[in-house]
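Output the structure for:
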Amino acid sequence: MSKFVVVSTARSGSTVVCTSLDRQANIACHGELFGQRKILRVSGKHTSQLSLEPWSVARRDADARHFVDAYMQDLPGQAVGFKVLL
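Purely as a prediction, here's the structure:
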């Protein structure tokens, strides 16, 4: 499985890009998982219970590697990614 990150600035059309990618059968694209105050728009293609654990921003920030691993595993398709705003 390939992994990717959509790096963008605010108000640049990145949500349309992520939504379009997520609509493809072989791609799962989360929204902004590293929002400052919340975790925004998670792909609906999860199959793992681990991925569905509740994550707070504080827990995410304390263990970013485990957080990313949880959201990147057990997703259908050939590519999975998320969006980061600069």
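
Extract the residue ranges of this structure that are flagged as low pLDDT.
Scanning the chain for pLDDT under 70 picks out 46-53, 74, 76.

all strands for it, in order.
Per DSSP state E, the chain carries strands over the ranges 2-8, 27-32, 79-85.

what residue is smack in the middle of this protein?
The residue lying closest to the centre of the chain (C-alpha atoms, centre = their mean) is residue 30, at 3.0 Å.

Now that residue: closest residue in space that isn't a chain neighbour?
residue 82 (3.9 Å; C-beta to C-beta, 6 or more residues apart in numbering). (C-beta placed from N, C-alpha, C; glycine too.)

Just give the number of residues close to that neighbour.
By the measure other C-beta atoms under 10 Å, the count of residues near residue 82 is 24.

right, and it touches residue 32 too?
Yes: contact criterion C-beta atoms under 8 Å: residue 82 and residue 32 qualify, at 7.3 Å.

Would you confirm that residue 26 contacts residue 78?
Yes: counting by C-beta under 8 Å, residue 26 does reach residue 78; the two are 4.5 Å apart.

All set, thanks.
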